[in-house]
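Novice: just need the structure, nothing else, for what follows:
(2 chains)
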Amino acid sequence: MTDLNTPITDDELHAYVDGELPADRQGAVLEWLAANPEAAAQVAGWRAQAEAIRARYGAVASEPVPPRFKIETLSRRGRSWTAIAAAAAVAAFMVGSVSGWVARGASAANPNGLELLTSDALDAYKLYVVEVRHPVEVPGDERAHMTQWLSKRLGADLKIPELQDIGLKLVGGRLLPGATGAAAFYMYETASGERFTIYCAKAGEPDSALHYKGAEGTAAFYFVDKDIAYVVSGPANRDRLEKVTQEIYAQVEKAGQRKS
Amino acid sequence: MAVAGFRKDVEATIPALRRYARALTRNGDVADDLVQDTLVRALRSEHLFHGGDIRSWLYTILTNLNRNRLRSLARRPVLSPIEDNDAPDLAGPEAGGRDIERALATLVEDQRSALLLVVLEGLSYREVAEIQGVPIGTVMSRLARARVQIKSFLDGERPALRRVK
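Specialist: Next up is the predicted model:
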């Protein structure tokens, strides 16, 4: 009936197992399998894998859906779940502390601590900028409290830049572990949802001018002022990011002069 | 009316999304966080959804979010999920369940996602190609490689029951 001289391809065998085989090839595959025990065993093996996967995970779909997934709840208060936020903060801390540890280990070998600090800042940017529900620990409207808290933890007089004039609203901030101890992390957002972050940590290096570093759609400018390194991260649009950084730089400089 | 229909459709997909996410991450908490992020994002983008298959769209969001999640963890040292040790899971699977779980863990993300979408979620090659944003041929080769990898993992893992001389 069918041409047994045309060998059945592996693709066709997969398609057969997955119910994707055109009806007019069904007969040929069946005959092929009957005549080739090895191919038949292979097909049986793939079926067994699929069975094992369904046996292991299939029942999840019959579990009652937890209340946190109620659509009304999700659309009403899409952003704040204290319990989940707490869990995420713990997870973030675990991830962060491991990276801090690695960076510390690496900085001994690598003289350029600033580069590492910038990588950490970019990682923090990438990690939190996609967060829908809990991008920050302390919301932006608690600026005074956050300034005090983060200054204390870093052991430095911090000032959280005010960027409203260039269209950036403070979302809030969080404390992160960094290569040189605690790091402060502020997030800003434009009206269209573009996010920029500032990562501050003890630099352990002399003052430096602006440096630029870009990677995979994100970019950062960093500079050091009075022993504090500032890494400004955002979408990879150099001109825009530079403008934001200049504004931050100006404010940081001004604050420093007022004090000294 | 249309809005209510959209939400209803999204809601109806939650059990399947949780199943897919659980298998994809092999960690109940991470999986449910992913599902929640997917739902929040879908609901916020409701106005961007211009017809089509809501289920595929949700699988696409979840697959992308998981890829982002892995990418942001990629530079870190491997943090093995606690479940990978020997804490018994709620489903109380027999040894076979744990074998397949560990086998899935050894797959490259895109292969794991392709395999799960086909065998667990019952999607067509075409749908998976759209979700992953690749040609059908790529989906098929991901499937094939996933199956080879799982087989070799299971063959190596399982103690030989009898040795034929």
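Novice: ok and the residue in the stretch 101-250 of chain A nearest chain B?
Specialist: Closest approach between the stretch 101-250 of chain A and chain B, counting by Cβ to the nearest Cβ: residue A:127, at 4.7 Å. C-beta: built from backbone N, CA, C; applies to glycine.
Novice: what strand or helix carries the nearest residue to residue B:119 once chain neighbours are set aside?
Specialist: Among residues not flanking residue B:119 along the chain, residue A:50 sits closest, at 4.0 Å (Cβ to Cβ, 6 or more residues apart in numbering or on different chains). According to DSSP states H and E, residue A:50 maps onto helix A:37-57.
Novice: pull out the buried positions in that helix.
Specialist: Across helix A:37-57, burial judged by 16 or more other Cβ atoms under 10 Å in any protein chain shown covers A:39, A:42-43, A:45-46, A:49-50, A:52-54, A:56-57.
Novice: do the same with stretch A:192-203
Specialist: Residues A:195-203 are the ones in stretch A:192-203 that count as buried (16+ other Cβ under 10 Å).
Novice: who's the residue lying closest to residue A:115 once chain neighbours are set aside bridged to?
Specialist: Spatially, and ignoring its direct neighbours in sequence, residue A:115 is nearest to residue A:213 (7.7 Å; Cβ to Cβ, 6+ apart). Counting by DSSP bridges, residue A:213 forms beta bridges with residue A:220.
Novice: check contacts around residue A:213.
Specialist: Taking Cβ atoms under 8 Å, 6 or more residues apart in numbering or on different chains, we find residue A:213 in contact with A:115, A:118, A:122, A:219-222.
Novice: where exactly do the strands run in chain A?
Specialist: Secondary structure of chain A (DSSP state E): strands located at A:138-139, A:169-178, A:181-189, A:195-202, A:208-215, A:218-225, A:228-235.
Novice: output these as JSON lines; include the columns mean pLDDT and distance to residue B:141.
Specialist: Listed next are the strands of chain A as JSON lines, based on pLDDT from 0 to 100; distance: least, Cβ to Cβ, whole Å:
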{"stretch": "strand A:138-139", "mean pLDDT": "91", "distance to residue B:141": "47"}
{"stretch": "strand A:169-178", "mean pLDDT": "92", "distance to residue B:141": "40"}
{"stretch": "strand A:181-189", "mean pLDDT": "93", "distance to residue B:141": "40"}
{"stretch": "strand A:195-202", "mean pLDDT": "93", "distance to residue B:141": "37"}
{"stretch": "strand A:208-215", "mean pLDDT": "74", "distance to residue B:141": "29"}
{"stretch": "strand A:218-225", "mean pLDDT": "86", "distance to residue B:141": "31"}
{"stretch": "strand A:228-235", "mean pLDDT": "91", "distance to residue B:141": "33"}
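Novice: now do the same for residue A:76: its pLDDT.
Specialist: On the pLDDT scale, residue A:76 is placed at 58.
Novice: ok, residue A:168 - contacts?
Specialist: Residues in contact with residue A:168 (Cβ under 8 Å, 6+ apart) are A:188-190, A:196, A:244.
Novice: so which pair among those is furthest apart in space?
Specialist: Distances among these were taken as Cβ to Cβ; the most separated pair is A:189 and A:244, at 12.2 Å.
Novice: okay, and the common contacts of those two?
Specialist: A:168, A:196.
Novice: higher neighbour count, those two?
Specialist: residue A:244 (24 against 19; other Cβ atoms under 10 Å in any protein chain shown).
Novice: contacting residues around that one?
Specialist: By Cβ under 8 Å, 6+ apart, the contact list for residue A:244 reads A:163, A:166, A:168, A:196, A:232, A:234.
Novice: check residue A:117 too.
Specialist: Contacts of residue A:117 were listed using Cβ under 8 Å, 6+ apart, and they are A:103, A:178-180, A:199, A:201, A:203, A:222, A:229, A:231.
Novice: can we see that at 10 Å?
Specialist: Applying Cβ atoms under 10 Å, 6 or more residues apart in numbering or on different chains, we find residue A:117 in contact with A:103, A:107, A:178-180, A:183, A:199-205, A:220, A:222, A:224, A:229-231.
Novice: if anything else comes up later, I'll come back, but that's it for now.
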